[in-house]
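1. need a structure here:
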Amino acid sequence: MAEQPRILAVLGPTNTGKTHYAIERMLGYPTGVIGLPLRLLAREVYDRIVRARGPSVVALVTGEERIVPPRVKYWVCTVEAMPEGIGADFVAVDEIQLCADPERGHVFTDRLLRMRGLRETQFLGAATMRNTIKALIPGVEFLTRQRLSQLTYTGSKKISRMPERSAIVGFSVDNVYAIAELLRRQKGGAAVVMGALSPRTRNAQVDLYQNGDVDYLVATDAIGMGLNLDIDHVAFSSLTKFDGRRMRHLMPNELAQIAGRAGRGMAHGTFGVTGEASDLDPEVAEAIMEHRFAPIRKLEWRSAALRTGTVPALIASLEQKPQHELLALARDADDLTALRRLAESPLTKARATNGNAVKLLWDVCRIPDFRGISRAEHADLLEKIFCDLHELGRIPDDWLAGQIKRIDRTDGDIDTLSKRLAYIRTWTYVAQRKGWVDDETHWRGATRAVEDRLSDALHGALTQRFVDRRTSVLMRRLKQKEAIVAEVNETGNVTVDGEFVGRLDGFRFVPDKAASGQEAKMLSQASVSALAPHFNLRADRFYNAPDTDIDFTEQGGLMWGKDAVGKLIPGPDPMKPGIKAFVDDVAGTDVGQKVERRLQHYIDRKIATLFEPLLNIGRDETLTGLARGFGFRMTEAMGIIPRGEVADEVKSLEQDARGALRKHGVRFGQFTVFMPLLLKPAPTRLRLVLWALATGMDEFPEAPPPGLVTVPAARMPQGYYTMAGYRAAGARAIRIDMLERLADMLRAEDSRAGFEARADMLSITGMTLEQFADLMIGLGYKAERNEREKVKAVDRIMDEVPGVEPEPESVRDVIEQIEEEGIAPIAETVDDAAEIEAEIPQMSETEVAPGTPADPIAPSVEPEVYYIFTWAGRARRNAPAEGAEGAARPRGRGKPQGAADRSDKPKGGRPQGERAKGGKQKDGRPRTGKPEGAKTHSAGPAPKKDRIDPDNPFAAALMGLKSDK
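-> Just a heads-up that it's a prediction; the model follows:
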């Protein structure tokens, strides 16, 4: 006797192993077909069966994918794509409760009523279908399966407190993205699973979750349809959804279908709500936990007996009402809506005139609206495809290629890539239809390749936006208690498993600034422990580094290359500062002590090198008495003392004592006692740092730029300009060594009768005449401003050298004639001579107009400004203060500040003779200089009459001219 076909309904809640049972039963037969609700789940089951039986006997058929080997035995399909009439031994339909779904229910109902296996048929689903199946399917057997684990409701939880291995469910794309972004910030990221994703993208995202790269999954209700994931907790972010027509509340059985994803196998699971979702009613929560739901009383139905003779007949058959009370006519689906639109089109009416054409039209109308733009646009696309298929028998290759080429781009954001992926699904579906394109293999491969590229790009975009790989890697390592290995490159960047986590700044770990909150704490925890070996290696390398690799900053910081490794702190003596090393505690005390010792060695050697002349004074045992005490005073002042502060001590020093100090480089200037070697940029920079450190400043003033003779006298802390090697006078501060050179020049002038500034005075200061006048006022002089007629240089020569008759055609001859007389050079360079010659108009006798004086070098009447400087004396009491830090102010009887002995006083006798009466030279200028026969006294040898100033920018040229002479 023939074996009677068996019909079995395997019913029960989620996590009861229904699908697994069906697969095992199917593989026990020679052939079989299993229909699944999602292409994602179909792909998962296909991969599982391929691993068990090999790819040569397993087919995968979905709307957009078709893999059918020649010797196929087992078909894995979406419910819509299940093949009919193939005579399979076994047939199974999963999630049979979807017969009540408003959108797709009629397809599942059709399979329930008409699909049968030759030997066994199984319907898998919820227990709510028991009564309906029993009433519609005679002879059906029931197998009830119990859940393998418990499901518990835990109430509401904030996303920030969501446990690991959780799935948060949203019912809109925007909601899913928002939750994923929040999880990325707080938890390191989340995988995203939606029904609209391609299997390739979905599998890549699921792998992120299953592999532990992320501990959270954000999904739509697609995860409720049999996707088997290791989920411990399911949280609903909303309890309402848009079903295509309106917003509605989820039914308890729908909530249970999704919540049941928690707890796989024997592991218990929990579910709850989060975000704006309100707590579940206790009755609903209890029903979900106990799997008690109202039975399904109506199934969606649409006639399968289609009349394809004419379009109106086809529409009428699709609108036919069911005869059974448990069946309800399905609402208009997308395919029926598209058919009605095309039925009204003149182009369609003209072509759909026979059964084959109507059947073709219905096949075209069944192309899903993957794009979801508008029904009108979808209908226009279907009309174009139908007309081409009807007229040409195929879709033109060039037109199809153009449609695909527009989509084949992987740039853009998540939304853009998602839209392109939806568009390519249309052409993937078209390419799968038999006979619609010329080269089916080519176009199936082309559309699949584009879908794969877009899928990979979308996965990358989702991962980049919603997964912080750095955080997820470290979290997984910490959770699994694996050893974390950090790598540090030459620039100090720290990476763990290739992910940037921060950088080593010397011996301190600085986490990535982009991290914040919990992420930053986790980065610090994971990275610092992994860096312990690097700290020791760095410490050894630093200890053996040369001093040239270490430097100090003007704020007292200590640098090793570009890394801050410590700072100076006040010590027992300004010249003996202490060290504070910048070392993380986790590096260990040995590393900290080693870094501190190396820095102390560096700064001690730096001070010993730059201040060697000063320190030698303290080590010189031949210095005794007042000289030794003055040497200690110089050391305390770091080599610079305003003379006014030690005037009495300087007076007390004998010449031998002064000589002994001079051997160590001490110079007793009119304004300052200093050591010229310590005015160089390097000692000056260090001296300012040590001084600011010893005085307890919060912010250290910077050293003036090196090489400047004067700088603007800004308001600075008391003592700054002295430590910087300058003296403030008026609006500017002048370097103390150049000030002493200026003081030497001023000694030769009559400060009582008055004198003018010479060119060499302006030269060594680098100032204009106005700036020089302000400087002199700051030093205690009066500056009287006057004007006079500007006289050409040659006129001045003629007045000062009697007996020389220059010829108008050659001023150079005049100069040479003067020099031949043994007089000091007038033009110091060839350029000076040329300049003088250029000032004289070259005129011939024929060019001189009648009545014009024959002298061609008549003086110009252009006025010039000059200053007469005299010592201010007691009247100079209100000089600018140095608070301005130490502006010069005369002290005592007309002496400038610091003028402690007679050599500090401006020289010059009382005006006599013509000078006393204000006599003038021939050019009208006041006479300056010493009275005739007056004696002068100077600490040094008398300056040579024609000595060349070494600071003159033309010094080299002048020396050459002098040697030629």
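
2. any weak-confidence spans in this protein?
-> Low-confidence segments of the chain, defined by pLDDT under 70: 1-3, 226-227, 469-486, 497-499, 514-529, 791-861, 873-965.

3. State which strand of it is the longest.
-> strand 563-573 (DSSP state E).

4. Can you give the distance of that strand from its chain's centre?
-> Relative to its chain's centre, strand 563-573 lies at 31 Å (C-alpha atoms, centre = their mean, to the nearest Å).

5. Would you mind putting the CA coordinates of it into PDB?
-> Extracted C-alpha coordinates of strand 563-573, given in PDB (Å, rounded to 0.1, in the frame of the first residue of the first chain):
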ATOM      1  CA  ASP A 563      57.800  65.700  24.600                       C
ATOM      2  CA  ALA A 564      57.400  67.400  28.000                       C
ATOM      3  CA  VAL A 565      59.200  65.200  30.600                       C
ATOM      4  CA  GLY A 566      59.400  67.500  33.600                       C
ATOM      5  CA  LYS A 567      59.700  71.000  34.900                       C
ATOM      6  CA  LEU A 568      62.000  73.100  37.100                       C
ATOM      7  CA  ILE A 569      61.000  73.800  40.700                       C
ATOM      8  CA  PRO A 570      62.500  76.100  43.300                       C
ATOM      9  CA  GLY A 571      65.600  74.700  45.000                       C
ATOM     10  CA  PRO A 572      67.700  75.800  48.000                       C
ATOM     11  CA  ASP A 573      69.500  78.300  45.800                       C
END
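
6. Report the angle between the helix or strand just after it and strand 563-573.
-> Once strand 563-573 ends, the next helix or strand along the chain (criterion: DSSP states H and E) is strand 576-581. If you take axes from the mean of the first three to the mean of the last three C-alpha atoms, to 10 degrees, strand 576-581 sits at 150 degrees to strand 563-573.

7. Summarise which helices and strands the helix or strand following strand 576-581 is packed against.
-> Remark: after strand 576-581, the chain's next helix or strand is helix 589-610, criterion DSSP H and E. Helices and strands touching helix 589-610, by 3 or more C-beta pairs under 8 Å, 6 or more residues apart in numbering; DSSP states H and E, are helix 532-543, strand 550-552, strand 557-560, strand 563-573, strand 576-581, helix 681-694. To be clear about C-beta, it is placed using only N, CA and C from the backbone, and glycine gets the same treatment.

8. possible to save the ones you listed as a markdown table with mean neighbour count and distance to Met266?
-> Output for the helices and strands packed on helix 589-610, formatted as a markdown table (neighbours: other C-beta atoms under 10 Å; distance: least, C-beta to C-beta, whole Å):
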| stretch | mean neighbour count | distance to Met266 |
| --- | --- | --- |
| helix 532-543 | 16 | 41 |
| strand 550-552 | 18 | 63 |
| strand 557-560 | 20 | 58 |
| strand 563-573 | 17 | 54 |
| strand 576-581 | 18 | 56 |
| helix 681-694 | 21 | 69 |
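
9. export the ones you listed to CSV and tack on distance to Asp590?
-> CSV is the format used below for these (distance: least, C-beta to C-beta, whole Å):
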stretch, distance to Asp590
helix 532-543, 8
strand 550-552, 20
strand 557-560, 18
strand 563-573, 16
strand 576-581, 12
helix 681-694, 28
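
10. Relative to Phe674, which of those is closest?
-> With C-beta to C-beta, the closest approach to Phe674 among the helices and strands packed on helix 589-610 belongs to helix 681-694: 11.2 Å.

11. who's in contact with that closest one?
-> With contact meaning C-beta atoms under 8 Å, 6 or more residues apart in numbering, helix 681-694 is reached by 552, 554-556, 568-570, 574-575, 577, 606-607, 610-611, 638-640, 677-678, 700-703, 706-707, 719-720, 723-725.

12. Out of these, which end up buried?
-> Among the contacts of helix 681-694, those classed as buried by 16 or more other C-beta atoms under 10 Å are 552, 555-556, 568, 574-575, 577, 606-607, 610-611, 638-640, 678, 700-701, 703, 719-720, 723-725.

13. and Glu554, how far is that from Val176?
-> 54 Å (C-beta to C-beta, to the nearest Å).

14. Same check on Tyr429?
-> Taken as C-beta to C-beta, the span from Tyr429 to Val176 is 25 Å.

15. ditto for Ala748
-> Ala748 sits 91 Å away from Val176, taking C-beta to C-beta as the criterion.

16. List phi and psi for Gly170.
-> phi -120, psi 160 (degrees, to the nearest 10).

17. and Val218, that's in a strand?
-> Yes - Val218: assigned to a strand according to DSSP: H, G, I helix; E, B strand; the rest coil.

18. now it, which residues is it bridged with?
-> Taking DSSP bridges as the rule, Val218 bridges to Ile168, Val192.

19. Not counting stretch 234-246 itself, show me its contacts.
-> 102-103, 157, 159, 162, 166-172, 175, 179, 221, 247-250, 255, 258-259, 261-262, 269-278, 280.

20. What is the end-to-end distance of it?
-> Stretch 234-246 has its terminal residues 25 Å apart, counting by C-alpha to C-alpha, to the nearest Å.

21. And that stretch, what's buried?
-> Within stretch 234-246, the residues that qualify as buried by neighbour count (16+ other C-beta under 10 Å) are Val234, Ala235, Phe236, Ser237, Ser238, Leu239, Lys241.

22. Looking at the residues you listed, which is nearest Phe632?
-> If you rank those by distance to Phe632 using C-beta to C-beta, Ala235 comes first, at 78.0 Å.

23. Which residue, other than its chain neighbours, is closest to Ser237?
-> The shortest distance from Ser237 to any non-neighbouring residue, by C-beta to C-beta, 6 or more residues apart in numbering, is to Gly275 (4.3 Å).

24. cool, and Met129?
-> Closest to Met129 by C-beta to C-beta, 6+ apart is Gln97, at 5.1 Å.

25. For the one you found, list the residues it contacts.
-> Gly125, Ala126, Thr128, Met129, Asn253, Ile296.

26. Ok, Tyr46 next?
-> Val58, Leu60, Ile67, Val76.

27. Show residues contacting the strand or helix carrying Ile868.
-> Using DSSP H and E, Ile868 sits in strand 863-871. Residues outside strand 863-871 that contact it (C-beta under 8 Å, 6+ apart) are 749, 751-757, 769, 772-773, 776, 780-790, 890, 894, 906, 925-926.

28. try 6 Å this time
-> Residues outside strand 863-871 that contact it (C-beta atoms under 6 Å, 6 or more residues apart in numbering) are 751, 754-756, 773, 776, 781-787, 790, 894, 906.

29. Show me what the longest helix belonging to the chain packs onto, helices and strands only.
-> When the chain is parsed with DSSP state H, its longest helix is helix 440-466. For helix 440-466, the packing partners by 3 or more C-beta pairs under 6 Å, 6 or more residues apart in numbering; DSSP states H and E come out as helix 199-210, helix 414-432.

30. Now the longest one - C-alpha only, CSV.
-> The C-alpha atoms that make up helix 414-432 are tabulated as CSV, following Å, rounded to 0.1, in the frame of the first residue of the first chain:
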residue,chain,number,x,y,z
ILE,A,414,24.3,55.6,4.5
ASP,A,415,21.0,56.9,3.1
THR,A,416,22.4,57.3,-0.4
LEU,A,417,23.9,53.8,-0.4
SER,A,418,20.6,52.4,1.0
LYS,A,419,18.6,53.9,-1.8
ARG,A,420,21.0,52.6,-4.5
LEU,A,421,20.8,49.2,-2.9
ALA,A,422,17.0,49.3,-3.1
TYR,A,423,17.2,50.4,-6.7
ILE,A,424,19.6,47.6,-7.7
ARG,A,425,17.2,45.0,-6.1
THR,A,426,14.7,45.9,-8.8
TRP,A,427,17.1,45.0,-11.6
THR,A,428,18.4,41.9,-9.7
TYR,A,429,14.7,40.8,-9.6
VAL,A,430,14.3,41.5,-13.3
ALA,A,431,17.5,39.6,-14.2
GLN,A,432,16.2,36.5,-12.3
